[in-house]
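Novice: What follows is a predicted structure for the sequence shown.
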Amino acid sequence: MRILRIATLCACALLLVADFSAAQQIIINGATTDMPVQMPGMGPRQPKTGTARLRGRVLSVENGGPVRRAQVRILSPDIGSKTAMTDAEGRYEFRELPAGRFNLSANKAGYVTVQYGQTRPFESGKPIDLGDGQILDKADISMPRGSAISGRLVDEFGDPVADAIVNAMRSVWSGGRRRLQPTGRTAMTNDLGQFRIYGLSPGDYYVNATFRGGEMMGMEIAMAAAMGAGGGAGGPVGSNPNSGYAPTYFPGTANGGEAQKITLAVGQEAQNTDFALLPVKLVRITGTVISSEGKPVEGSMINAFPRNGDAGGMMMMMGGNARSDKNGNFTMPNLAPGEYTLQTRSMQFMTSGSGDNMMFTARVGGDSGAEAETGSLPITVGGEDLSNVVIVTSKGATASGRLIFDDGSKPSSLTSIRVSASSLDAESVMLPMGGPGSVKADGTFELKSLSGARIIRAGNLPPGWMLKSVRVNGNDITDSGMDFKPGEAVNGIEVTLTAKLTEVNGTVKDGSQQVKDYTVVVFADEPQKWALPNSRYVTGSRPDQQGRFQIKNLPPGGYYAIAVDYLAQGEWGDPDVLERLKPRASTFSINEGETKTLNLTLR
């Protein structure tokens, strides 16, 4: 039991080496919304207060009755996240709100999680715009009963598989291509192999099941070795079949392209979604971790991450793990065939206490606290064991620079700003950490442990500022990013911020009538900008409670704009979708510091 707990803690600790950026996408039943979050090393922003008030009711779509004890969540950069619980009449209220724009959502078991103003599945909600002292009543949210998918999971012998993770997935545009991505709704099979995924919006889904019994065994071995509890070379050996299960899609295929689509109506349950996991031969990988100085690396954590983007994109669904011994040697058992990237980073494990009170701590780097070296190696796993695999680590690149303010002025405090270098490798689930870097009082910053292609951004900016450009030695890398080589030092990065903000706002009509339910998509008039990583030139917006849309901080340039009745959140990132919208779109241009008002017609 102790080893299991330690293995779980280790898996959680591995998340610490992931990349972080200034914003994350929160999945709300398959619809995602970009919300600012605190990054590592960033102190919590002091929430603002004010005199505005927001209240309303959460109601059932079926009968219009109250949804009691639903959790209502309000989000904004100025207040973070706050929650309220509905009463017996379905009422909720938020008080002492500052002026600003807010996102609102409601959730309760058995219902679809819905954002305020969301009327269709996977659609973005509407922002709520409040002024000083404003009281907004009737900010009501209607919640439909959730749909569900249920079934039974068995092995190749027809026996039930317990404790398997079953995901409901959707085909979405993500990371520069269309892929299957988890909706955030999962289930675990019981002792009869049964599962039920509930709270789903109506729409098309694909079901994926993963059983990680062999992987957890490998994690136990790795952690037992780390704790000096055996599990490495020598000691008692148990007999274990060298077979396991591949991640399997309904109705029983390892290929996401062959998965069967399940279409759900409102409140419908797709029953008898039964299928068998695909058995595969598990292989063992043995090898050595060598440092940049040619010495064996002791205590390095090695993880195998699937390179198939359709595998789910979930950090914890790693293929396997191991830890190197004093000679740099490692053994990774129970790995299913597939395409992987082996990634390693030095990690020191420390314990205190004993028995059930044993405490476990993981620290990146060695005893001296020196910067850790990292390594990466793509591999293809077939049906045979792999031996003599060598992973050579290297010191990551460092990057330093300063903030520049284009009009000569600057915010009163710079230390809350964070500069990050996010990976452009959409296929890698987890890459060695790189940033964010704290900005010093003089506007300088430093980023460490960088590797691969990165795009540099400034986050947690004070109100009234936006990114203008990122340059290195006069070269503009704002949107192209930069490839960082092991051990190199890149100096002279200039991150320019501007107070000349842009804004596009307006209303939409259908004939002679103003409409309040639509989605506006704005995208550059140069198609090559549509596919840029983390493109600043493509965005979508929903109207506020008054029916007005607002898009801020577009880079100056020429754009298309179109208002459509419905578009699922994030679909505007697909260049094929933009190509279809372009012939019906209006054109406009915007300059630095300009506010442009558009009066669009619903298309």
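Specialist: Looks like it came in fine.
Novice: switch to C-alpha atoms for all contacts and neighbour counts from now on
Specialist: Will do.
Novice: For stretch 177-185, buried residues please.
Specialist: 179-185 (16 or more other CA atoms under 10 Å).
Novice: Inside strands: which ones of those?
Specialist: Counted as lying in strands by DSSP state E, out of the buried residues of stretch 177-185, are 179-185.
Novice: Now render these as TSV, adding distance to Gly64 and pLDDT.
Specialist: Output for those, formatted as TSV (distance: CA to CA, whole Å; pLDDT from 0 to 100):
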residue	distance to Gly64	pLDDT
Arg179	37	83
Leu180	35	87
Gln181	33	85
Pro182	31	88
Thr183	27	86
Gly184	27	84
Arg185	26	88
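Novice: between the residues you listed, which is nearest Ala209?
Specialist: Pro182 (11.4 Å; CA to CA).
Novice: So Thr398 is in contact with Ser451, correct?
Specialist: No - counting by CA atoms under 8 Å, Thr398 does not reach Ser451; the two are 9.1 Å apart.
Novice: out of the two, which sits in the busier spot?
Specialist: Ser451 (26 against 21; other CA atoms under 10 Å).
Novice: What's the separation between the more buried one and Phe305?
Specialist: 17 Å (CA to CA, to the nearest Å).
Novice: Equivalent analysis for Arg178, please.
Specialist: For Arg178, the distance to Phe305 equals 20 Å [CA to CA].
Novice: residues in contact with the helix or strand harbouring Gly506?
Specialist: Assigned by DSSP states H and E, Gly506 belongs to strand 503-510. For strand 503-510, contacts defined as CA atoms under 8 Å, 6 or more residues apart in numbering pick out 514-516, 547-554, 563, 593-602.
Novice: Quick check, pLDDT for the residue nearest to Gly267 when sequence neighbours are not counted.
Specialist: Counting by CA to CA, 6 or more residues apart in numbering, the nearest residue to Gly267 once its immediate chain neighbours are dropped is Ser147, at 4.2 Å. For Ser147, the pLDDT comes out at 94.
Novice: least trustworthy helix or strand in this protein by mean pLDDT?
Specialist: The helix or strand of the chain with the lowest confidence, counting by mean pLDDT, DSSP states H and E, is strand 23-28 at a mean of 38.
Novice: Please, where are all the strands along the stretch 351-500 of the chain?
Specialist: 359-364, 373-381, 386-392, 394-395, 397-405, 418-423, 437-438, 444-450, 452-459, 466-472, 475-476, 482-484, 489-498 (DSSP state E, counting those that start in this stretch).
Novice: pLDDT averaged over the strand holding Gly506, what's the number?
Specialist: For strand 503-510, the mean per-residue pLDDT is 95.
Novice: What is the helix or strand that that strand is followed by packed up against?
Specialist: Sequence order places strand 513-515 as the next helix or strand after strand 503-510, per DSSP H and E. Applying 3 or more CA pairs under 8 Å, 6 or more residues apart in numbering; DSSP states H and E, we find strand 513-515 packed against strand 503-510.
Novice: Try it again at 10 Å.
Specialist: strand 503-510, strand 595-601 (3 or more CA pairs under 10 Å, 6 or more residues apart in numbering; DSSP states H and E).
Novice: Tell me which of these is the most buried.
Specialist: strand 503-510 (a mean of 18; mean count of other CA atoms under 10 Å).
Novice: partners of that strand, with directions?
Specialist: When pairing is defined by DSSP bridges, strand 503-510 lines up against strand 513-515 (antiparallel), strand 549-552 (antiparallel), strand 595-601 (parallel).
Novice: which of the residues in the second one are buried?
Specialist: For strand 549-552, burial by neighbour count (16+ other CA under 10 Å) applies to 549-551.
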